[in-house]
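[1] need a structure here:
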Amino acid sequence: MRVVIVEAGEGYTTKLGEIFCGLTGDEQGMVEQAQVAVAECGFRVMPNDEAGCCEFQTTCDGNSYIAITVYPR
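    Below you'll find the predicted structure:
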């Protein structure tokens, strides 16, 4: 599964990159696994309850990915 890492700062968001992970389970479980994988890459994950947007996404062409927001470094 493609996991897109997005930095969210004061008034901006920036795509920092992406990683590919073997994730299993339902959508929520995969989001949680993706958050752990991004944190293991050295990022500080911004959870949804702190204004983050970590969620499963499906594009109009049917491709899926998980977006994980992180704090600025």
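
[2] Can you tell me the SS state at residue 69?
    Following DSSP: H, G, I helix; E, B strand; the rest coil, residue 69 is assigned to strand.

[3] no wait, residue 5
    Under three-state DSSP, residue 5 comes out as strand.

[4] Grab the nearest non-local neighbour of it.
    The shortest distance from residue 5 to any non-neighbouring residue, by Cβ to Cβ, 6 or more residues apart in numbering, is to residue 16 (4.6 Å). Where C-beta positions appear, they are placed from N, C-alpha and C, glycine not excepted.

[5] by contact count, what packs against the helix or strand hosting the one you found?
    Assigned by DSSP states H and E, residue 16 belongs to strand 12-20. In terms of contacts (3 or more Cβ pairs under 8 Å, 6 or more residues apart in numbering; DSSP states H and E), strand 12-20 is packed against strand 2-9, strand 64-70.

[6] Swap in 10 Å and give it another go.
    For strand 12-20, the elements it packs on are strand 2-9, helix 27-40, strand 64-70, judged by 3 or more Cβ pairs under 10 Å, 6 or more residues apart in numbering; DSSP states H and E.

[7] what packs against the second one?
    Packing contacts for helix 27-40, counted by 3+ Cβ pairs under 10 Å, 6+ apart, involve strand 2-9, strand 12-20, strand 55-58, strand 64-70.

[8] Format these as JSON lines; extra columns: distance to residue 43 and mean pLDDT.
    Shown next, in JSON lines, are those (distance: least, Cβ to Cβ, whole Å; pLDDT from 0 to 100):
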{"stretch": "strand 2-9", "distance to residue 43": "6", "mean pLDDT": "97"}
{"stretch": "strand 12-20", "distance to residue 43": "8", "mean pLDDT": "97"}
{"stretch": "strand 55-58", "distance to residue 43": "16", "mean pLDDT": "96"}
{"stretch": "strand 64-70", "distance to residue 43": "4", "mean pLDDT": "97"}
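
[9] Once you drop chain neighbours, what's closest to residue 8?
    residue 69 (4.6 Å).

[10] no no, residue 37
    Per Cβ to Cβ, 6+ apart, closest to residue 37 is residue 21, 4.9 Å.

[11] For the one you found, give me the pLDDT.
    Per-residue pLDDT puts residue 21 at 96.
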